[in-house]
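structural data only, the sequence is not supplied:
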C-alpha cells in the first residue's frame, strides 16, 4: 500500500497543487483490491471506472438501473477462466477452490457465476468507498488545519483520526433493508415486507451517542459507529479500508503537511449509494 501511495504521490512533490481523488483516491485503492483479487494492473482502471459508473446518478432524474458487465460478473469471466487453469496467490484462486456446506447440507465449491458475482461485489466495494474516504480526509483536514498539524507532529493520532473521519463524513451515509418480520420501533409498528431507509450519517451524529456530534475532533473517543455497518451486515473489508485510510493519510502528511481546498473546482460525485468527492483539487503552499 505504501508503494502504491508513493507511486501516486512522489511525482507530485514540489507541485503547487494536486487532487486527492484523481491523484490518490482513485489510484491506491484500485491497485490494492486489484492485487488482492488478481486483476492485471493494465485492466484495473477499466474495472474501477465500470464500478463507479454503475453508481452514477443525475440530480432530479430517476435512477436507470441496468445489470451491467461489472454487476453481472461478465467483466471477470476471462480472469476466472484463466485462474481456474493457472492458480495463483489471490482471492480469485481462493474462491475457485474453497469448499463449503451450502444451505441444503451439500459440500461443494462455488460455481463460476457465483465466483464472478462475488468478485464483482468485492471489486466495486474495494474501489469506491475507500476512494471517498480518502477524499473526505483531504476535505475535513483542510477545514481543521490545527488538527491536521497535530497529526503531522504526532502520527500516532492518525488511526483515531480515520475513525473520526469515518464517523463525521461516512462514505456510505445510508442503507436500505427489507423488514423480515413485523417489528416495533419507538412506538410505531413496521409491518413485514416494508422497506426501511437507515440514515447512517444521522446515527453517527446522534447526540445520545456522541457528545457535541457536529464537532470534528481527532481526540474523540469514537468507539463504535455505523459507517461500516453492524452485526451480520458489518463490512467485510472494514479492516482493509481502515488500513488504506491510515496509510494514505500518513503518506500524504509526510509529503504535504499543508494544503487548502480549491473550493471553486471541488465537486461532489452524483451517486446513488455513496457520498464523496468526484474531484478535490488542493493548493500546496
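Noted; the coordinates are in hand. Not measured: the values here are computed from a predicted model.

all strands for the stretch 151-285 of the chain, in order.
With strands called from DSSP state E, counting those that start in this stretch, the stretch 151-285 of the chain shows them at 175-178, 183-185, 188-190, 195-198, 260-261, 267-268, 277-279, 281-283.

measure stretch 211-228 end to end?
20 Å (Cα to Cα, to the nearest Å).

who touches it?
140, 143-144, 147, 150-151, 157, 160-161, 163-164, 166-168, 170-172, 200, 203-207, 210, 230, 234-235, 238, 241 (Cβ atoms under 8 Å, 6 or more residues apart in numbering). In this view, the C-beta of every residue, glycine as well, is placed from N, C-alpha and C.

pull out the buried residues from those.
Buried members of those, counted by 16 or more other Cβ atoms under 10 Å: 140, 144, 147, 151, 157, 160-161, 163-164, 166-168, 170-172, 200, 203-205, 210, 235, 241.

show me what contacts residue 250?
Residue 250 neighbours (Cβ under 8 Å, 6+ apart): 155, 158.

centre-most residue in the protein?
The structure's the chain has its C-alpha centroid closest to residue 129; by Cα atoms, centre = their mean the separation is 1.8 Å.

next, it: secondary structure please.
When classified by DSSP: H, G, I helix; E, B strand; the rest coil, residue 129 comes out as helix.

doesn't residue 242 make contact with it?
No - using Cβ atoms under 8 Å, residue 129 is not in contact with residue 242; the gap is 11.6 Å.

now do residue 82 against residue 127, distance only.
Separation of residue 82 from residue 127 (Cβ to Cβ, to the nearest Å) stands at 21 Å.

same thing with residue 88?
21 Å.

these two: who's more crowded?
Between residue 88 and residue 127, counting by other Cβ atoms under 10 Å, residue 127 is the more crowded of the two (24 against 11).

state the distance from that one to residue 22.
Residue 127 is 14 Å from residue 22, by Cβ to Cβ.

again, but for residue 105
From residue 105 over to residue 22 the distance is 50 Å, taken as Cβ to Cβ.

re earlier: let me know the pLDDT of the nearest residue to the residue nearest to the centre of the chain once chain neighbours are set aside.
Among residues not flanking residue 129 along the chain, residue 171 sits closest, at 4.5 Å (Cβ to Cβ, 6 or more residues apart in numbering). Predicted confidence (pLDDT) for residue 171: 94.

coming back round to it: ok, residue 105 and residue 22, which is more surrounded?
A count of neighbours by other Cβ under 10 Å puts residue 22 above the other of residue 105 and residue 22, at 17 against 6.
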